[in-house]
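give the three-dimensional model of this entry:
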Amino acid sequence: MRCEHRHSVSVAGIVVDEQGRALLTRRRDNGHGEPPDGIFEIEETITDGVREETGLEVELDSLTGVYTNMRPGIVALVFRCRVIGGSLQPTDEASDFIWARGDQLGELVDEAYAVRVRDALTDPLRPFLREHDGVRLL
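Numbers count the residues shown, from 1 in each chain. Here you go, the predicted structure:
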């Protein structure tokens, strides 16, 4: 029997620099800022995904949250990361990059993404569990 109500898994890396700022990508398709993220593919590691989105080699520090987009059923696992190599490289999806402080997020990203970054910057050792509709928290 086939189940029509499955979630897909997305991962995001909140890359944090020495000044406590988080890396955001500027999406080519809509101009929005977002942390590096994407659908988790078979045989792809979380750090592979961040490298693909940014050009950076990162090391995972901690799981900072699990966020469920209730509309399409996407579960995002979000990890705090730190850079260990590489350099920022624009991609087919990202035209530019922004290093942002937590207090700058409201003007740069939708609430559903801003909360992921704030959670990772605020308490990287306590994973948060949150639901949203793709834009706003529920």
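
mind listing what the helix-or-strand element of the chain with minimal mean pLDDT pairs with, with the direction of each?
Least confident helix or strand of the chain, by mean pLDDT, DSSP states H and E, is strand 37-39 with a mean of 85. Strand 37-39 has its sheet partners listed here by DSSP bridges as strand 8-15 (antiparallel).

re earlier: off-centre distance for the least confident helix or strand of the chain?
With CA atoms, centre = their mean, to the nearest Å as the basis, strand 37-39 stands 7 Å off its chain's centre.

could you point out the helix or strand that follows that strand?
Per DSSP states H and E, the first helix or strand lying C-terminal to strand 37-39 is helix 46-54.

what mean pLDDT does that next one get?
Helix 46-54 carries an average pLDDT of 91.

what ranges do the helices span in this protein?
Under the criterion DSSP state H, helices of the chain are mapped to 46-54, 105-108, 111-122.

deepest in the core, which of those is it.
Across those, averaging neighbours per residue (mean count of other CB atoms under 10 Å) puts helix 111-122 on top, at a mean of 22. C-beta here means a position set from N, CA and C on the backbone, and glycine is covered the same way.
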